[in-house]
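Engineer: let's see this in three dimensions:
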Amino acid sequence: MTKLFRLTALLLMIIITATYCFAENGVLPRSVILVTHQPLSGPARQYSEIAKSAKAYFQYVNDQGGVHGRLIELKIIDDQLNPEIAKTAFNELTVKHEIFAVFSGIGSKTHQAVYPILKQNSIPSFFVGSDLPEWTQPVRANLFAFLPTADTEAKILGKFLSQKHTEEKIIIWYADKPVYQRSVKALSKELYGVSAELLPGKTGRLTAEWKLINESKPDLLVVLGNYSDVMGILSFPTQLSIPILTGHALADSRLPESLNQEVLERVRFLTAFPLIMETENAGLIFHQQILNEYAADLTTSRWTIYGQAVAELMVEVLKRSGRALSRQKAVYATESIQQWQGQLLPPITFNSRNHLALGSLRVSQIKSGNLQHLSDWIDGQ
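Structural biologist: Residues are numbered from 1 along each chain as shown. Purely as a prediction, here's the structure:
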């Protein structure tokens, strides 16, 4: 009886332990299920390269044995960047209870549409592909954002100006929109020993604004805005040959195709990932090997680099979470990341008060066809 009792107790312990380890939704003994929403079709389908590249990296990791013996299964929802499509798809998935977490959902409006569903079901969202400050300011439980906010970029630009451009005459042109009205305040708070004149950019007033800039004859022009805002002011003809400092929107190897050479070599912009032109970059060489083996239909681009970079970060979270994987452990594991760098990423730091991944960037420029870095990594948190 004693032997039978011990055997029964051992079996019960195994059953209880197994139930405890794998009871979390989306966690199986040999796999973990992530889901992402991205536009595989429709007018924004260029972003589909993010999910495809991330999946290729996960397949590479799976071929190495996965993470703690589990394979990463990525389900991709084609939301066409349409909030209603995303919302409907997530309602159906959550009913089935098969999601461990959302990974790299792309788009501000689409993720806003699904967020109430995720919150209601306590589903973490790792590394949202949106630069809305509302995701991380203040911090939201179980949600981590990936892209730098306008405030983060502005703080980095302010620190760089205080390090490199004291006692110079500077004009800060900013798109007169709430997000950039806020970011110019964040930049101004970082200025020490720098005197700057603010110039709000109004729609339809670019000619008058450039006239003011030319008459003022600054030593340097800072431009805060989205891609269209920045390209609009850079494309305006002017005789003023001064450095122009701007944010992360222009960090693309295709920039020389959009600007003439004279303007291009005056532009300094923020970078997080390596650019395609950095042909000797070890991370890019590795990235190309991943695409060649697991996604031969993809050509290296800004978006494929993004996809692998964010996938590297997700794998690091799963590694730190341990074998007994749970959503809460994954959240705590993310908050434990300090100054970690993947193959394609800047130093990443999280904690309970900071849920933004790309908080450190550096100032770079394209000169003579090469990318040159003008600073080390600057923390914008």
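Engineer: immediately after the helix or strand hosting Thr334, which helix or strand?
Structural biologist: Counting by DSSP states H and E, the secondary-structure element that holds Thr334 is helix 327-335. Proceeding C-terminally, helix 327-335 gives way to strand 360-367 as the next helix or strand, assigned by DSSP H and E.
Engineer: buried set for that next one?
Structural biologist: Across strand 360-367, burial judged by 16 or more other CB atoms under 10 Å covers 360-366. Yep, even glycine has a C-beta here, placed from its N, CA and C like the rest.
Engineer: can you show me the helices along this structure?
Structural biologist: Listed in chain order, the helices of the chain (DSSP state H) span 2-22, 48-63, 83-96, 108-120, 150-164, 178-189, 206-216, 227-234, 255-258, 261-264, 282-294, 302-321, 327-335.
Engineer: any idea of the mean pLDDT in the fourth one?
Structural biologist: Read it as helix 108-120. Taken as a whole, helix 108-120 has a mean pLDDT of 95.
Engineer: repeat that for the longest one.
Structural biologist: Mean pLDDT, computed over helix 2-22, is 44.
Engineer: and this protein, what are its domains?
Structural biologist: Structural domains assigned to the chain are 21-148+281-350, 151-271+363-379, following automatic domain parsing.
Engineer: got CSV for those domains, with distance to Leu356 too?
Structural biologist: Shown next, in CSV, are these (distance: least, CB to CB, whole Å):
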stretch, distance to Leu356
domain 21-148+281-350, 5
domain 151-271+363-379, 7
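Engineer: deepest of the ones you listed, which one?
Structural biologist: domain 21-148+281-350 (a mean of 19; mean count of other CB atoms under 10 Å).
Engineer: now that one: how far from the chain's centre is it?
Structural biologist: Its chain's C-alpha centre lies 11 Å from the corresponding centre of domain 21-148+281-350 when counted by CA atoms, centre = their mean, to the nearest Å.
Engineer: my read: Thr36 touches Ala54, true?
Structural biologist: Yes: taking contact to mean CB atoms under 8 Å, the distance of 7.5 Å between Thr36 and Ala54 places them in contact.
Engineer: shared neighbours, those two?
Structural biologist: Here Thr36 and Ala54 share the contacting residues 74, 103-104, scored by CB atoms under 8 Å, 6 or more residues apart in numbering.
Engineer: so in this structure, where's the weakest helix or strand by average pLDDT?
Structural biologist: Comparing every helix and strand of the chain by mean pLDDT, DSSP states H and E singles out helix 2-22 as the least confident one, with a mean of 44.
Engineer: show the end-to-end separation of stretch 372-381, please.
Structural biologist: 24 Å (CA to CA, to the nearest Å).
Engineer: which outside residues touch that stretch?
Structural biologist: 148, 151-156, 159-160, 163-164, 268, 271, 346-347, 349, 354, 356, 359-366.
Engineer: could you redo the last one with a cut-off of 7 Å?
Structural biologist: Outside of stretch 372-381, the residues that reach it under the criterion CB atoms under 7 Å, 6 or more residues apart in numbering are 148, 152-153, 155-156, 159-160, 268, 346-347, 354, 359-365.
Engineer: how about stretch 336-355?
Structural biologist: Surrounding stretch 336-355, the residues in contact under the criterion CB under 7 Å, 6+ apart are 136, 139, 143-145, 272-274, 283, 286-287, 305, 308-309, 312-313, 316, 320, 334-335, 357-361, 377, 381.
Engineer: try 8 Å this time
Structural biologist: 135-136, 139-140, 143-145, 272-274, 282-284, 286-287, 305, 308-309, 312-313, 316-317, 320, 334-335, 357-362, 377, 379, 381.
Engineer: got it, and stretch 223-243?
Structural biologist: Contact partners of stretch 223-243, identified using CB under 8 Å, 6+ apart, comprise 150, 153-154, 157, 172-175, 177, 180, 183-184, 187, 201, 206-207, 209-210, 213-214, 217-221, 244-247, 249-250, 258-259, 262-263, 266-268.
Engineer: low-scoring stretches of the stretch 1-150 of the chain, by residue?
Structural biologist: Counting by pLDDT under 70, the stretch 1-150 of the chain shows low-confidence ranges at 1-23, 95.
Engineer: quick one: contacts for Leu147?
Structural biologist: Residues in contact with Leu147 (CB under 8 Å, 6+ apart) are 128-131, 357-358.
Engineer: and of those residues, the nearest to Ser301?
Structural biologist: Nearest to Ser301, judged by CB to CB, of these is Gly129 at 15.1 Å.
Engineer: and the closest one, how far is that from His37?
Structural biologist: 10 Å (CB to CB, to the nearest Å).
Engineer: now Asp297
Structural biologist: Distance check for Asp297 against His37: by CB to CB, it reads 21 Å.
Engineer: now Ile233
Structural biologist: Here the distance between Ile233 and His37 works out to 33 Å (CB to CB).
Engineer: what's the answer for Gly201, then?
Structural biologist: With distances defined as CB to CB, the gap from Gly201 to His37 amounts to 33 Å.
Engineer: for the nearest residue to Ser108 once chain neighbours are set aside, give me its contacts.
Structural biologist: Nearest-residue entry for Ser108: Ser130, 4.3 Å, with adjacent residues in sequence omitted and distances by CB to CB, 6 or more residues apart in numbering. By CB under 8 Å, 6+ apart, the contact list for Ser130 reads 106-108, 111, 145, 147.
Engineer: Gln308 contacts Phe58, correct?
Structural biologist: No: look at Gln308 against Phe58 with CB under 8 Å: they stay out of range, at 9.7 Å.
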